[in-house]
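>>> predicted model follows, preceded by the sequence.
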Amino acid sequence: MNNFKLPEHKQEYISNFISDKAYVPSGKRDVDFSVNLLNLNYENGATYIFSIYIYEAENYKELISGKLNDNEATHGGLAQEVSLVALLSDSEHYSNPSYIDLPIKMTVKNLIYETDKIYAAVFILGAKAGREISRSVTYIKGVENE
């Protein structure tokens with residue numbers, strides 16, 4: 001009898017989630033973020049959800065501890081559903097192996113940042129079914145207008 005194992009699924013994860021600036025002038029601002037997503041599987045039309053949520057740091061602590069729910073804690077953000085097959089169909093990188101590393105940039109637009117407040121920016125990598133795969137946090141601080 002021949003015994004064989006199917007290849008194990010590599011775990012997707014987030015690397016180097018950062019904002020373009022650690023200090024954001026107070027007022028309504030756009031903030032750019034970049035992140036590297038590693039081991040994304042595009043077999044069978046894999047679809048991922050990329051999300052960035054901005055929280056006041058104190059609210060984020062309370063969210064994690066269960067004292068606030070997400071809609072009470074969120075300051076703002078964005079989410080994008082991405083089909084990797086559609087994204088890669090015109091690319092020379094669409095071949096075996098079926099795992100890729102994907103650098104992306106996203107902009108959270110028109111949020112109001114206040115002087116001397118610290119904000120937690122949370123990047124969440126999710127599966128199409130809404131299951132969270134991985135998350136990463138970076139912090140930014142509101143400062144006086146320059």
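Cool, got the structure.

>>> tell me, which helix in this protein spans the most residues?
Longest among the helix segments of the chain by residue count, using DSSP state H, is helix 57-65.

>>> may I have the strands that pair with the host helix or strand of residue 134, each with its orientation?
In the assignment (DSSP states H and E), residue 134 maps to strand 132-143. Taking DSSP bridges as the criterion, strand 132-143 sits next to strand 23-25 (parallel), strand 118-127 (antiparallel) in its sheet.

>>> list the contacts for residue 52?
For residue 52, the set of contacting residues under the criterion of C-beta atoms under 8 Å, 6 or more residues apart in numbering consists of 33, 77-79, 106, 108, 121-124. Glycine gets a C-beta too; all of them are placed from N, C-alpha and C.

>>> would you mind giving the secondary structure of it?
Of the three states, residue 52 takes strand according to DSSP: H, G, I helix; E, B strand; the rest coil.

>>> quick check: bridge partners of the residue nearest the centre of the chain?
Relative to the mean C-alpha position of the chain, the nearest C-alpha, by C-alpha atoms, centre = their mean, is the one of residue 123, at 2.8 Å. The partner list for residue 123 in beta bridges (DSSP bridges) reads residue 52, residue 136.

>>> the inter-axis angle of the strand holding residue 134 versus helix 57-65?
Using axes from the mean of the first three to the mean of the last three C-alpha atoms, to 10 degrees, the inter-axis angle of strand 132-143 relative to helix 57-65 is 160 degrees.

>>> please work out the average pLDDT along strand 132-143.
Per-residue pLDDT values across strand 132-143 average out to 93.

>>> neighbours of the closest residue to residue 117 other than its chain neighbours, just the number please.
Of all residues beyond its chain neighbours, the one nearest residue 117 is residue 142 (4.7 Å), with distances taken as C-beta to C-beta, 6 or more residues apart in numbering. Taking other C-beta atoms under 10 Å as the criterion, the count of residues near residue 142 is 19.

>>> what about residue 128, how many residues nearby?
Applying other C-beta under 10 Å, we find 13 other residues in the vicinity of residue 128.
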